[in-house]
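> Make a model of this:
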Amino acid sequence: MLQDIYRFVSQRVKEERLRAGLTLERLAEASDISPSFLAYIEKGRKKPSLQTLWKISQALDLSLGRLLDLPSKTPAPARSASKQFDFLLRDKSTPQKKKLLRALHTLLKHSG
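Residues are numbered from 1 along each chain as shown. Predicted coordinates for the structure are as follows:
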């Protein structure tokens, strides 16, 4: 379970860095950590401390809570369809998302 959390956090750091349009080096500099340490965090090879995550979140102009927005195991039934869809795609790679999008387009096209 704990390993899953670190894996998720490492993905979130990279996603948010890319979303912000920052290189690994720029985020590392803004976070006051080394680029190699940040690379290890993003690859899930190092477990960042809470203080390190806070530095990264501040450099990304995010709250720590936003960076650590851990998913629940199962989407709650009361959640909207949009949130459930986002939840299902959250940990998928870009190629996986593209395949799913093509499949959805095909399904919608043929469902009349």
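> and after the lowest-mean-pLDDT helix or strand in the chain, which helix or strand comes next?
Among the helical and strand segments of the chain, the one scoring lowest on mean pLDDT, DSSP states H and E is helix 81-89, with a mean of 72. On the C-terminal side of helix 81-89, the nearest following helix or strand under DSSP states H and E is helix 94-110.
> I'd like the average pLDDT over that next one.
Mean pLDDT, helix 94-110: 85.
> what does stretch 10-27 give?
Stretch 10-27 carries an average pLDDT of 94.
> What residues sit buried inside that stretch?
Neighbour counts over stretch 10-27 (16 or more other CB atoms under 10 Å) mark 10, 12-14, 16-17, 22, 24, 27 as buried. No exception for glycine: its C-beta is placed from N, CA and C like everyone else's.
> what's the distance between the least confident helix or strand of the chain and the middle of its chain?
Helix 81-89 sits 14 Å away from the centroid of its parent chain (CA atoms, centre = their mean, to the nearest Å).
> How about stretch 6-17?
On the basis of CA atoms, centre = their mean, stretch 6-17 sits 4 Å off its chain's mean C-alpha point.
> cool, stretch 17-32 as well?
Here the centre of mass of C-alpha atoms in stretch 17-32, compared against the chain's by CA atoms, centre = their mean, lies 14 Å away.
> Dihedrals phi and psi, residue 20?
Its backbone dihedrals place residue 20 at phi -80, psi -10, with angles given as degrees, to the nearest 10.
> Contacts only, for it.
Contacts for residue 20 (CB atoms under 8 Å, 6 or more residues apart in numbering) come out as 27, 60-61.
> Return the member of the buried residues of stretch 10-27 nearest to residue 3.
When the buried residues of stretch 10-27 are compared for distance to residue 3 (CB to CB), residue 10 comes out closest, at 10.6 Å.
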